[in-house]
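1. fold the following and give me the result.
(chains A and B)
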Amino acid sequence: MTSEPIAIAQQTLLEPVGLATGDLERVMHQLLGAGIDTADIYLQATRYESWGLEDGIVKEGTHSIDQGAGIRAVAGEKTGFAYSDDITTPALLEAAKSARSIARRGDEGTRELAQASRPPSLYLPIDPLKSLPEEDKIALLKRLDQECRAQDPRVEQVFVSLSGSHEVVMVMGQDGAFHGDVRPLVRLNVSVIVEDGGRREQGSFGGGGRTDYQYFLEGDRASEYAREAVRQALVNLEADEAPAGSMTVVLGSGWPGILLHEAIGHGLEGDFNRKGTSAFSGRIGEKVASPLCTVVDDGTLSGRRGSLTIDDEGTPTACTTLIENGILKGYMQDKLNARLMGVAPTGNGRRESYQHLPMPRMTNTYMLAGPHDPEEIIRSVGKGLYAKNFGGGQVDITSGKFVFSASEAYLIEDGKLTRPVKGATLIGNGPDVLTRVSMVGNDLQLDSGVGTCGKDGQSVPVGVGQPTLKVDGLTVGGTRVQG
Amino acid sequence: MASNPTSSTEQLQLDHLKQLVADCIEETRAQGATGTEVGVSMESGLSVTARLGEVETIEHHRSRGLGLTVYIGQRKGSASTSDLSPAAMRETVAAAIRIARHAAEDPCAGLPDATLLATEFPDLDLYHPWAIEPEAAIDLAVSCENAARHHHPDISNSEGASLNTFEGLRVMGNSLGFLHGYASTRHSLSVSVIGERDQQMQRDDWWTVARDACDLQPPEEVGRIAAERTLRRLGARSLSTRQCPVIFAADVAASLLGHFIGAIRGGNLYRKSSFLLDQLGQPVFPNFVQIHEQPHLKKALGSVPYDAEGVRTLPRALVRDGILESYVLSTYSARKLGMTSTGNAGGVHNLTINSGSLDLNGLLQKMGTGLLVTELMGQGVNLVTGDYSRGAAGFWVENGTVQYPVEEFTIAGNLRDMLRNLVAVGNDVDLRGNTRTGSIMLDQLTIAGN
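-> Got it, this is the predicted structure:
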């Protein structure tokens, strides 16, 4: 019994349906022919579960299984694609026939199956669903419910959710690449509603990664989620109207790195730049940020939610430098866009499932630490906003405009945090916002493992991060117009 | 029972799925369930995209799913699978039963009230299969994109045009004896292009969607509209911070109604996570506002004969003369509130707000000076408090006429006030979705810019 991912993939995906790699090669043969440049077969089996606590009881639980094969043939810039949730040779051959029709003519070709070298695994090939007995999962949720309520009498509602997934994938490419991956993913989230004198506010915190449920039992971790959710909700009870207009904004470390994901991340995905539709198109070598800024997309971080050992095309992930000391260095590529741009793929080819086509997606996108002390950064601001926590964001990669919504923020007056203000949406322009970063803290942090990115109808798990940083001029969408 | 006209192949598939649902319910009984709800679906379709005049992708879709919820007394468990084989079905039942055995007793859990289940199934005319081949689909997408690209020399690039056609079968059944299924189709054509002027790039798009391909807007018109929307964004300027009235163009006005529905949804009400708590019978809008849902409109995108639990759907008023008449409830949330299901498990159906007599131009005249918002970005909506802060783009209006495009600003306020002080609803109703509304003019909002 081996724990090599490719062997697990074969056991999970092929053996139960009586298939062997030879059958996949037959399907590959059907896919190839004159006009077809590349092709791949992607098999996936995902088991997912979630448990939810509310009103002090675990009243919700779901379990789902989804498996199938996605078959793709690429001719130049054109892609033919078909998928089947039926992993049998006839179904796969039929899907191959559909996919291959993207190119008109057919020819015979031979290829051999080679096992390319595999990078070291960034996570263990474990099944999180089985990592804790059901009773212990329930006990964890109930414990956190009690801890939230014990923290403060104003806690009115507590929602705790635990979810885990076990994904097994196998990718076979026409170039002989043949890879397997076993991807665990877990997440624990605590949300609370607090009430005081008729006013209600919410707070939320959570985390996870590519590991099993034992992760949440380590040290004080789960209790920290509960404390943080309650703390945020209570701060919001004190929050006043946020200011409206352009001002100096200090962004907290960690999840506020969503700034980078929206402001430059999507704009640096290879497909948009190959097509010339991004505000960053054709700008490699240009200054797009202050010299204090170095931003990378790094899929190689061990155990992280946004990490992958191999991307969904079988390419090993990498740490790709996007911006170095303010200069734009590179884009994130999948195989198709890399080939069309004449560069190497960077391990950013991802897909939501076997039912979707891969495209360039982020992994863990973060800014490297700088020289400044975070407290010094706050002290340097005469009048501005300190945005410590955020919800989500969005971007228009063509106009460059991006937004992200604060969930915990404070006014800065004379270098000190004075009062909390309601979460407001911040808006800026991707190609120039980072040029206005005047201070970068030495406190780089990655988020706790809660990010999901949506693009073209496909969701994938991602990570973000940054140190505390100061932006000289970001528009804050509050309701209080300054005098 | 189903008066939905289907071909004999469809009928065979429908019968097969009904049998599967019935077998599944039997299996749950055998494994110890006291109550069960099962849904099965099969969907197939074709998506093609074309860019710069040539095919870019052809995707063949085929997916199936089975989802079930079992009750053991008042303990609940759910499970789903993409594999419709008997073995997978049994495993899925076992997973749901296992979860139910571990879940807590929930006094409000359980199947719907049997007397509320649908017994009549009006033919909603939802099924219009389109046997279009990839080649023809590509031609349509290309002609749509050509119309956009050739509309004006400032249209410099394209993200492409996309044609999608889907058909699906859904069957729902429960251990109270409900068992029904029907077929439906959905087709769409969209295009997105880029304009450039003075080194500024802007993009916009347009799309058409229908149950019946004959009801789709012609490709050339879709392309022309996308190009015009893109061109009008060129030369966008920033705005300084101010307060002013705002008109939400019809296609983005739907989001306002979406927040309203979120605030009166049972789930948010019993969790006390709504800015409209205890507002039943109270004025939530001005007295000229009428909002209702129309679940049985033929061919409409939001039409269903019954909700996600099989409870009958009915045309009904949600807001009458500005007063909140009803919440949006499923069986569970209704029980939590001590009320009755309104047939809204899964959402509202063809939500409609009545229009006034003015078209968009009329609204601009009425507003005089203010903002016309044509795009919204990000989240920034807090349903617990009603706090609203979102990124936006649109046009600055003076003396009733558009002056210039504007971008990189936010609009903020509180939804309770925004809805209560709604000024007018235009008659330029956008029918391309589950919400039917014209442009909506709101009173003062805070605009934050440079």
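2. for the rest of this, base every contact and every neighbour count on C-alpha atoms.
-> Noted.
3. and the helices in chain A?
-> A:5-9, A:21-31, A:89-100, A:134-151, A:221-237, A:258-260, A:270-275, A:335-341, A:374-379, A:430-433 (DSSP state H).
4. A:L308: which of these is closest?
-> Comparing the helices of chain A against A:L308 with C-alpha to C-alpha, the closest turns out to be helix A:5-9 (12.8 Å).
5. where do the helices sit along the stretch 1-150 of chain B?
-> All helices of the stretch 1-150 of chain B, identified by DSSP state H, counting those that start in this stretch, fall at B:8-30, B:86-102, B:134-149.
6. just name the most buried of the helices of chain A.
-> helix A:258-260 (a mean of 26; mean count of other C-alpha atoms under 10 Å in any protein chain shown).
7. how about residues contacting that one?
-> For helix A:258-260, contacts defined as C-alpha atoms under 8 Å, 6 or more residues apart in numbering or on different chains pick out A:365-367, A:392-393, A:404, A:464-465.
8. can you check stretch A:333-350 too?
-> A:77, A:269-271, A:274, A:299, A:310-318, A:320, A:332, A:358-363, A:460.
9. restrict those residues to those near chain B?
-> A:E77 (C-alpha under 8 Å from any C-alpha of the partner chain).
10. mind checking which of the contacts of stretch A:333-350 land in strands?
-> The members of those that map onto strands under DSSP state E are A:320, A:359-360, A:460.
11. out of the helices of chain A, which gets nearest to B:A137?
-> Between B:A137 and the helices of chain A, the shortest gap by C-alpha to C-alpha is with helix A:89-100, which sits at 14.9 Å.
12. ok, for residue 420, nearest residue in space, not its chain neighbours?
-> Unless you meant another one, I'm taking chain A. A:Y410 (4.1 Å; C-alpha to C-alpha, 6 or more residues apart in numbering or on different chains).
13. actually, chain B is the one I wanted.
-> B:F285 is the one closest to B:R420 (C-alpha to C-alpha, 6+ apart), at 4.3 Å.
14. dump the residue contacts of B:A50.
-> B:A50 sits in contact with B:56-57, B:138, B:141-142, B:145, B:160-162, where contact means C-alpha under 8 Å, 6+ apart.
15. restrict the residues you listed to contacts with chain A.
-> Restricting the contacts of B:A50 to those near chain A - C-alpha under 8 Å from any C-alpha - leaves B:56-57.
16. give me the buried subset of the contacts of stretch A:333-350.
-> Among the contacts of stretch A:333-350, those classed as buried by 16 or more other C-alpha atoms under 10 Å in any protein chain shown are A:269-271, A:274, A:299, A:310-318, A:320, A:332, A:358-363, A:460.
17. from the ones in strands among the contacts of stretch A:333-350, which is closest to chain B?
-> A:M359 (12.3 Å; C-alpha to the nearest C-alpha).
18. in contact with that closest one, which residues?
-> Listed by C-alpha under 8 Å, 6+ apart, the contact set of A:M359 reads A:271, A:334, A:348-351.
19. circling back to that earlier point, and among the helices of the stretch 1-150 of chain B, the most buried is which?
-> Using mean count of other C-alpha under 10 Å, helix B:134-149 ranks as the most buried of these, with a mean of 23.
20. direction included, what does the next helix or strand after that one pair against?
-> Next helix or strand after helix B:134-149 toward the C-terminus (DSSP states H and E): strand B:155-174. Sheet pairing of strand B:155-174 (DSSP bridges) gives strand B:35-51 (antiparallel), strand B:179-197 (antiparallel).
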